[in-house]
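just coords:
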């Protein structure tokens, strides 16, 4: 067989990969409308619990109550307007959804690999940004705060559990976050199976 | 004397005394509690009771709420009486609720409780209660557990046979306990002209199906007698209402003798469907009256009091087929209708038997005109023609009857201090159990509905004596709960109550608890004096009236420094609780207030009027421990002499001295 032909053939995505990419694009559109992350708070006097939901474009849940409580320890009030992320993030996610569609239409493995790289970078940057945001809120406290515990910072966990004074904070991805993770895993899976197919063909 | 002989003598006397102690007096039954009682009524910490029990507070004027089966007090709802703890009747917003045609009446005597019904079963929307003293009806909203409405009743001398309701809450009734000259007549008459000048009235109050608002539909004018209690017909007898009557002797003095002479008084049967027809035909007479109607608006958090000037009256003597009298022995107290609606039980306070009347026989007697005559123009049905049968030797002093789920009735006996269970069909006494002491009302869970939930009966007693640790001459009144699932009624719980409990009702918690309001939405607050954020706080002077638009949020009041108030001013603190979190009320109190405090729920605005009585600095603070810095939630108000030129200023966090 013509070697050039094999080369060309192996750079094509399988239709399975294309379908997965299209599904991923749809999932990303859905992520825009779903809560991505959530922080559950529990305290002795809040048996019903408090919840902070982080969407791509807003905060939801018991934001006002959490702000009311946070003013004691001098944390800034959480206001969606203060975050540039909430204006940028929906567009970034939409941009990725379009990239997924384009990659599927183009149908080249190179496209898939670039997509994977960009998506992973996006995920990492987003998590670093989120962590920095949490760090800021947890550490930049009003020096006139009513309650000051020496050495205490109130940075919520990125994922998992952390005790902050009387509150236990439990952070985890919400439905949008899980969809995001599944999309990431699917892209990794596609890239890996496409790469293996190339190896086997040789 | 020989000491040995003396010792022997003493020993013999001692034995004799011992014998007297143990041998002659029967053992007190007070300890007859079965072994598993504690387990049955135990509600573990953090667990909920199965039922809400709404218990009348009697002369406290309030309505108490207990959990069952634990008997734990959950809340006291202020209704007719001032409650400085909650600001009820003290805040400017709630003062109009206690208004009457006599001005503010800050107390009443709350006797009876009725849960709203749909199809003869509790629907969990409202509780209606009566004010016996200055005739009133009140409605408590079960979303907020607050009094939402109070309606005064004209042409009434006292509202006792109330607030009993029809099976779909079409009407709440009120019957006068004391007959008096009617409001549009000259009341300046000798008391001993009772027979000529005194009249009774029965009031039917319409209830709005969705909002619950009350409105007098009509009154029935009756001869001057005393109406005691009442019950609506249900099922087959729906459309009729039954009122017990005493003092048919029409005595105006020493009633205990003069109103106990007749061998039989009456139960009055009222055909309210007929009354509706007469009303439509324009047979009602518009009569001048003067009464007030107070409603509390949950959006403005403010009550309004409206005076009304007219009622429509139907004459019991002139309008045929409207009222009938059924003879009932010896000053009947309770008149109770069984779940089917067929049997009407009359409890003659002084009778040695309990008559049970049959609705179908009453209907036949009316049809066949089997009357023994008339009383003031109202036909009196022959006793035997209305009677289903009599319960023989039930006990002494029967007062009230409720029904279980097995076709039995349970009657409270005041004099013999017991509950007596008897079968409605064969009228045989099945069981009796002592109560501690002298039961008045009793309540079976759902005992006045079409489907009683025959789990427990509770006796609400009039005498307490040794039931609890002594607390001086004044004792809490006692209630006892009995398990009635078996053949024998078993005492399982004894608990103290507030005021004097009369009637009570209990509803499954599931029908109420999920509708309970947690906070009022701040954005829906339409109080004209609300400050919905600290940016909206201000102090405004209008002549000698100063309005302080204040906010409360953990843990500060805004403004918390106020100057420029002068002697002769009237200060109105309009405090809005900015919290939107569950169970974070704030309070407000200022030194020297000849008034109560405010207790402000999240999202609500309440107003305290305060008149300074001296020059100086007055602290004010939050009274409800709201947060870790509750003690810091305070402020100062400066009062200057009349004519002072101290400027009106207000601030929070900025009014600091230059250093």
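All right, it came through fine. All of these numbers come straight from a predicted model, not from anything done at the bench.

make it CA atoms for all contacts and neighbour counts henceforth
Will do.

now chain A against chain B: closest residue?
Using CA to the nearest CA, the closest approach of chain A to chain B is made by residue A:65 at 6.2 Å.

how about stretch B:586-596: buried residues?
Taking 16 or more other CA atoms under 10 Å in any protein chain shown as the neighbour-count basis, stretch B:586-596 is seen to contain the buried residues B:586-590, B:595-596.

pretty sure the residue of chain A closest to chain B sits in a helix.
Yes. With DSSP: H, G, I helix; E, B strand; the rest coil as the criterion, residue A:65 is part of a helix.

distance of it relative to residue B:426?
Here the criterion is CA to CA, to the nearest Å. By it, residue A:65 lies 63 Å from residue B:426.

and those two? Which one has more around it.
The neighbour comparison of residue A:65 against residue B:426 (other CA atoms under 10 Å in any protein chain shown) goes to residue A:65, with 16 against 11.

residue ranges of the strands in the stretch 551-659 of chain B, please?
Ranges of strands within the stretch 551-659 of chain B are B:556-558, B:561-566, B:570-577, B:586-590, B:598-600, B:605-610, B:616-621, B:634-640, B:649-651, based on DSSP state E, counting those that start in this stretch.

and the stretch 251-400 of chain B, which of its residues are near chain A?
With CA under 8 Å from any CA of the partner chain as the criterion, the stretch 251-400 of chain B does not meet chain A at any residue.

and stretch A:163-181, does that touch chain B?
No. Residues of stretch A:163-181 are not located near chain B by CA under 8 Å from any CA, the shortest gap being 11.9 Å.

hmm, who's touching that stretch?
Outside of stretch A:163-181, the residues that reach it under the criterion CA atoms under 8 Å, 6 or more residues apart in numbering or on different chains are A:27-28, A:30-44, A:53, A:154, A:156-162.

ok, 7 Å please
By CA atoms under 7 Å, 6 or more residues apart in numbering or on different chains, the residues outside stretch A:163-181 that reach it are A:27-28, A:31, A:34-43, A:154, A:156-162.

and residue B:604, what is it in contact with?
Listed by CA under 7 Å, 6+ apart, the contact partners of residue B:604 are B:301, B:520, B:525, B:576-577.

what parts of chain A come near chain B?
Chain A comes close to chain B at residues residue A:65, as judged by CA under 7 Å from any CA of the partner chain.

chain A: helices as residue ranges?
Taking DSSP state H to define them, one finds helices in chain A at A:3-11, A:15-32, A:63-70, A:85-106, A:109-139, A:175-201.

can you redo those helices as CSV with mean pLDDT?
Formatted as CSV, those follow (pLDDT from 0 to 100):
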stretch, mean pLDDT
helix A:3-11, 56
helix A:15-32, 94
helix A:63-70, 89
helix A:85-106, 93
helix A:109-139, 92
helix A:175-201, 87
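
nearest to residue B:292, of those?
helix A:63-70 (41.5 Å; CA to CA).

residues of that closest one that come out buried?
Burial within helix A:63-70, assessed by neighbour count using 16+ other CA under 10 Å, is assigned to A:63-68, A:70.

and the residues you listed, which is closest to residue B:323?
Distance to residue B:323 across the buried residues of helix A:63-70 (CA to CA) is lowest for residue A:65, with 60.1 Å.

hmm, the closest one is touching residue B:582, no?
No. Counting by CA atoms under 7 Å, no contact exists between residue A:65 and residue B:582, whose distance comes to 9.6 Å.

list the contacts of the residue of chain B found nearest chain A.
Closest to chain A within chain B is residue B:581: 6.2 Å, counting by CA to the nearest CA. Contacts of residue B:581 were listed using CA under 7 Å, 6+ apart, and they are A:65, B:519, B:602.

phi first, then psi, for the second one.
Read that as residue B:519. When read as degrees, to the nearest 10, the backbone of residue B:519 gives phi -140, psi 160.

so where is the stretch 301-450 of chain B shaky, pLDDT-wise?
Segments of the stretch 301-450 of chain B classed as low confidence (criterion: pLDDT under 70) are not present in this model.

and the pLDDT for residue 169?
Going with chain A. Residue A:169 carries a pLDDT score of 94 in this model.

please refer instead to chain B.
The pLDDT attached to residue B:169 in the predicted structure is 98.

state the number of residues packed around it.
Using other CA under 10 Å, residue B:169 has 23 neighbouring residues.

the helices in chain B, which residues?
Assignment of helices within chain B using DSSP H yields the ranges B:3-23, B:37-41, B:194-197, B:255-258, B:272-280, B:359-367, B:383-386.

least confident of those, on average?
helix B:3-23 (a mean of 52).

look up the closest residue to residue A:107, ignoring the ones flanking it.
For residue A:107, ignoring the flanking residues on the chain, the nearest one in space by CA to CA, 6 or more residues apart in numbering or on different chains is residue A:13 at 5.1 Å.

I figured that neighbour hits residue A:110, correct?
No. Distance between residue A:13 and residue A:110: 9.3 Å, which falls outside the contact criterion (CA under 7 Å).

quick one: which of these two has more around it?
The neighbour count for residue A:13 versus residue A:110, taken as other CA under 10 Å, is higher for residue A:13 (22 against 15).

OK, contacts around residue 134?
Because you didn't say which chain, this covers chain A. Contact analysis of residue A:134 by CA under 7 Å, 6+ apart lists A:155-156.

looking at chain B here, not the other one
For residue B:134, the residues meeting the contact criterion (CA under 7 Å, 6+ apart) are B:108, B:158.

torsion angles phi and psi at it?
phi -100, psi 110.

so which of the strands of the stretch 551-659 of chain B gets nearest residue B:457?
Across the strands of the stretch 551-659 of chain B (criterion: CA to CA), the nearest stretch is strand B:598-600, sitting at 35.8 Å.

what packs against that closest one?
Strand B:598-600 sits against strand B:586-590, strand B:605-610, with contacts defined as 3 or more CA pairs under 7 Å, 6 or more residues apart in numbering or on different chains; DSSP states H and E.

what's the longest one packed up against?
Spelled out, it's strand B:605-610. Using 3+ CA pairs under 7 Å, 6+ apart, strand B:605-610 is in contact with strand B:570-577, strand B:598-600.
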